[in-house]
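Student: below: sequence and its predicted model.
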Amino acid sequence: MLTVALTGGIATGKSVVASVLKKQGCVVQSADRVARNLMKPGRVAWQKIVDHFGPHILNPDRTINRPKLAAIIFSSVKERQFVNRLIHPLVLEKKKQTVRQLAKKGLHKIFVSEAALTIESGFIGFFDKIVVVTCPERIQLKRLMERDRISRQEAWKRIRSQMPSAKKAKQADYVIDTSGSLEETIRQSEVLYGQLLDDYQKKNKKDVRPPRTGLRLKAKQPEAGS
């Protein structure tokens, strides 16, 4: 099975690419969804977060207030590092478990991990291929403000807390530029699937990790999509 990291900055359009790959038959696992499960009431990560930040971080139903937690960690490098050091290793272990289970069943060719901080976390060595989704910061800013209904200042704070897209792209085997229309992003994602399928076939044939090709997929249309 080919293991693929789908990464990129916040609000760059990863979910659109992920949905296309899933439709094509890839197994897609969202790191954010895994993290949410890890932080459910009573679980180890939940307890450590409550112990660290205090009970005011909770909603009335004892779930973690994610907007409140986000406001804290995006305002403090120290607090962000605390949460990342707690959650990221647990998420990676869950990915490893999933890959082992899928490989044992032998029913799937491509596993895709959708996660914004794969590169920053130092986990790219686990994956056969790295896909980075990018768009200009002005588009990223607009999307983030609209999606999370936050101010420009808060949006910039979150964007700046992550590695710049250009730096992420240097680590990529494939780059998807989502600055064009939604249709163009979908087209690129479909082309990407074909490339990943070729990579799977090469790996399966040789039983080694395929060499990185450096192929870059870029949108041409100027309108914001995804």
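Tutor: Good, I have the coordinates. Numbers count the residues shown, from 1 in each chain.
Student: kindly export the helix or strand bottoming out on mean pLDDT in the chain (C-alpha atoms) in PDB.
Tutor: When the helices and strands of the chain are compared on mean pLDDT, DSSP states H and E, helix 165-169 comes out lowest with a mean of 91. Written as PDB, here are the backbone C-alpha positions of helix 165-169 (Å, rounded to 0.1, in the frame of the first residue of the first chain):
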ATOM      1  CA  SER A 165       3.500  27.300   1.900                       C
ATOM      2  CA  ALA A 166       6.600  28.000  -0.200                       C
ATOM      3  CA  LYS A 167       8.700  26.200   2.400                       C
ATOM      4  CA  LYS A 168       6.300  23.300   2.600                       C
ATOM      5  CA  ALA A 169       6.300  22.900  -1.200                       C
END
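Student: give me the distance from the very next helix or strand once past it to the chain's centre.
Tutor: Using DSSP states H and E, the helix or strand that follows helix 165-169 in sequence is strand 174-177. Distance of strand 174-177 from the chain centroid (C-alpha atoms, centre = their mean, to the nearest Å) equals 14 Å.
Student: list the buried residues in whatever helix or strand comes next after strand 174-177.
Tutor: Going down the chain from strand 174-177, the next helix or strand is helix 182-206, by DSSP H and E. By neighbour count with 16 or more other C-beta atoms under 10 Å, helix 182-206 contains the buried residues 184-186, 188-189, 192-193, 195-197, 199-200, 203. For every residue, glycine as well, the C-beta is placed using N, CA and C.
Student: kindly report the same for stretch 101-121.
Tutor: Judged by neighbour count (16+ other C-beta under 10 Å), stretch 101-121 contains these buried residues: 102, 109-121.
Student: that older thread, contacts for the least confident helix or strand of the chain?
Tutor: Outside helix 165-169, the residues that touch it by C-beta atoms under 8 Å, 6 or more residues apart in numbering are T7, G8, G9, T12, I119, V132, T134, C135, E137, Q140, V175, R216.
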